[in-house]
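K.L.:
Got a predicted structure plus its sequence, pasted below:
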Amino acid sequence: MGKIVNSYIMPHPPIIVPGVGKGREAEARNTIEAVKKAARDIAEDKPGTIIISSPHAPAFRDYVYISDEEELYGDFSAFGDMGTSMSFSNNLELAGLIADKARLAGINAGGLSNRIKQQYGISDAVDHGALVPLYFISQEITGFKVVHISTPFMTFSELYEFGKCVAEAVKELKEDVVYVASGDLSHRLTMDAPAGYNPAGREYDEFLVNKIRTGDVEGILNLDAELMEAAGECGTRSIIMMLGAMDGKKLENQVYSYEGPYGVGYLVAKVDPPEESIHVKLAKESLETYVKEKRMIDIPEWVEEEMLKSRAGVFVSLKIKGQLRGCIGTIGPAKGNIAEEIITNAISSGTMDPRFEAVVEEELHLLRYSVDVLAKPERIMSLEELDVKRYGVIVTSGYRRGLLLPNLEGVDNPAYQVNIALRKAGIGDSEEFELERFEVIRFK
């Protein structure tokens, strides 16, 4: 099941792109450093797709335009930079799913016919509202797909509902996704601002930055429309769509920077859903207590009843910045219940994986955990019965046994999956072996 791992708010002034700014970008130094930090964080998220909503994409009052070209291309020639251009593969599967979910919710969404584009003079090129954030993100990570969405002039409740449709669509994928809400704040902060000066500009910016900082979604949804209009902003609708996509999650947001050079407010922030499953919480507490206090914890009172009643094999995996740091587990149940399996295997993953040195206390805050609860394996007769995304594999020859979990990065076909499992078990290519497959429930 796919998920939106993190969301970000990023501004889009073309002047911060070196080929456009030609030195003037130095006036927005804080913004540039914050945008670069956000880009690095996105790289650590390792998204397969980046969804970006932009107020400068073709916007309608009653229709959410989702770019439907196979390749998304854009450049900064309109801003005097003839040398900077970018292209991205469009995730048409996700774009279609989003449109379908929106229509089921009573919101018109999707692509546009060539006739409509010609009638309204709509270009297939990606607008600068999307290109500026993507320029900085591309300096840190490549190979991702993009879904490019406009921000229509709908009510806040409709925009928020559309964001929820985005999240529902992502769930049907098998990849991690990042949402970027592109948008500047007030364009009326100073006398020489692009839209002229209005004291409402500063009031609006202070309001919005505070609401993002405190995670007050309700406050943003109740924003005074007259204040918003007087401020001359362009990011509110994009941000509300993104917040809708994070609906139901307790957010711990980080404001990386806010400043108002050129008379325009630029906010860079991470909208962070830090909640973790009970399984991951238990694994984390188990390893941290063992590393710090050299003792195994008792099962906490907050552990779910189902975890105390059920037995299953469990694998606990540890990563730092996307790189494996430990992985130990049991093919079948070895303890009295799932909670005990997690406690034991979390400690083993951090301290007994022969491929790594034991985790030390200074590393604990860097660790990212995942817990795989294994279903009962079933015997299969051929590779055709495997699906590397859905099934893990077990190979057995005599007393030697090797296992590989499903949906691992870089494992893209059953033959390679089985080959890795054979090597782990020490089974030679010419030896006979039995094959089993299993499904997992993965908690992060």
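P.N.:
Structure's in. What do you need? Numbering: from 1, shown residues only.

K.L.:
Where does pLDDT dip in the protein?
P.N.:
Scanning the chain with the threshold set as pLDDT under 70 gives 1, 248-250, 273-276.

K.L.:
Could you break it into its assigned domains?
P.N.:
As recorded under automatic domain parsing, the domains making up the chain are 3-271, 276-370, 375-444.

K.L.:
now those in TSV, with mean neighbour count?
P.N.:
No exception for glycine: its C-beta is placed from N, CA and C like everyone else's. Listed next are those as TSV, based on neighbours: other Cβ atoms under 10 Å:
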stretch	mean neighbour count
domain 3-271	19
domain 276-370	17
domain 375-444	16
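
K.L.:
strand partners of the helix or strand hosting Ser257, parallel vs antiparallel please.
P.N.:
Take DSSP states H and E as the rule and Ser257 turns out to sit in strand 254-259. Sheet pairing here is set by DSSP bridges, and for strand 254-259 it gives strand 266-271 (antiparallel).

K.L.:
Send over the strand it pairs with as PDB, restricted to the C-alpha atoms.
P.N.:
The C-alpha trace of strand 266-271 is given here as PDB (Å, rounded to 0.1, in the frame of the first residue of the first chain):
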ATOM      1  CA  TYR A 266       8.400  33.000   1.000                       C
ATOM      2  CA  LEU A 267       7.700  30.100   3.400                       C
ATOM      3  CA  VAL A 268       9.600  26.800   3.400                       C
ATOM      4  CA  ALA A 269       8.200  24.100   5.700                       C
ATOM      5  CA  LYS A 270       7.900  20.400   6.200                       C
ATOM      6  CA  VAL A 271       4.400  19.000   7.100                       C
END
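
K.L.:
Show me what that strand is in contact with.
P.N.:
6-11, 13, 28, 31, 34-35, 37-38, 41, 184-185, 205, 208-209, 212-213, 235, 242-243, 246, 251, 253-260 (Cβ atoms under 8 Å, 6 or more residues apart in numbering).

K.L.:
so of those residues, which ones are in strands?
P.N.:
Residues of these located in strands (DSSP state E): Asn6, Ser7, Tyr8, Ile9, Met10, Gln254, Val255, Tyr256, Ser257, Tyr258, Glu259.

K.L.:
closest to Gly129 among those residues?
P.N.:
Among those, Met10 lies closest to Gly129 (Cβ to Cβ), at 9.8 Å.

K.L.:
I'd like the distance between the closest residue to the closest one other than its chain neighbours and Tyr179.
P.N.:
Distance criterion Cβ to Cβ, 6 or more residues apart in numbering; nearest residue to Met10, sequence neighbours excluded, is Pro133 at 4.2 Å. Pro133 sits 11 Å away from Tyr179, going by Cβ to Cβ, to the nearest Å.

K.L.:
residues touching Asp100, list them.
P.N.:
Asp100 neighbours (Cβ under 8 Å, 6+ apart): Ala169.

K.L.:
element containing it, please.
P.N.:
Per DSSP H and E: Asp100 is located in helix 92-104.

K.L.:
ditto for Gly219
P.N.:
If you go by DSSP H and E, Gly219 is part of helix 217-221.

K.L.:
Ends of stretch 289-307, what's the gap?
P.N.:
Across its full length, stretch 289-307 reaches 20 Å between end residues, using Cα to Cα, to the nearest Å.

K.L.:
distance between it and the chain's centre?
P.N.:
For stretch 289-307, the separation from the chain centroid amounts to 29 Å (computed by Cα atoms, centre = their mean, to the nearest Å).

K.L.:
ok so, going back, now the helix holding Gly219 - C-alpha only, CSV.
P.N.:
Output of helix 217-221 as CSV, limited to C-alpha atoms (Å, rounded to 0.1, in the frame of the first residue of the first chain):
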residue,chain,number,x,y,z
VAL,A,217,-5.4,23.1,10.2
GLU,A,218,-8.8,24.2,11.3
GLY,A,219,-7.5,27.8,11.7
ILE,A,220,-6.3,27.8,8.1
LEU,A,221,-9.6,26.4,6.8
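
K.L.:
Work out the gap between the helix or strand that it is followed by and the centre of the chain.
P.N.:
Next in sequence after helix 217-221, counting helices and strands by DSSP H and E, comes helix 225-231. Chain-centre distance of helix 225-231: 31 Å, with Cα atoms, centre = their mean.

K.L.:
picking up where we left off before, between the ones in strands among the contacts of strand 266-271, which is closest to Lys424?
P.N.:
Asn6 (32.3 Å).

K.L.:
which residues touch the closest one?
P.N.:
Asp41, Ile42, Asp45, Val178, Tyr179, Lys270, Val271, Asp272, Pro273.

K.L.:
Tell me how far it lies from Lys270.
P.N.:
Asn6 sits 6 Å away from Lys270, going by Cβ to Cβ.

K.L.:
so who does Trp420 touch?
P.N.:
One correction, residue 420 is Ile, not Trp. Applying Cβ under 8 Å, 6+ apart, the residues near Ile420 are Leu404, Val411.

K.L.:
roughly how far apart are the residue nearest to Glu341 when sequence neighbours are not counted and Ser286?
P.N.:
Distance criterion Cβ to Cβ, 6+ apart; nearest residue to Glu341, sequence neighbours excluded, is Val314 at 3.9 Å. As judged by Cβ to Cβ, Val314 and Ser286 stand 12 Å apart.

K.L.:
what do those two both touch?
P.N.:
By Cβ under 8 Å, 6+ apart, the residues touching both Val314 and Ser286 are Ile342.

K.L.:
ok, and the closest non-adjacent residue to Phe315?
P.N.:
In space, Phe315 is closest to Gly329, 2.8 Å off (Cβ to Cβ, 6+ apart).

K.L.:
which residues touch that neighbour?
P.N.:
Contacts for Gly329 were tallied using Cβ under 8 Å, 6+ apart; they are Gly313, Val314, Phe315, Val316, Asn345, Ser349, Asp372, Leu374, Leu403.

K.L.:
what about Glu252, distance to Trp302?
P.N.:
Here the criterion is Cβ to Cβ. By it, Glu252 lies 19 Å from Trp302.
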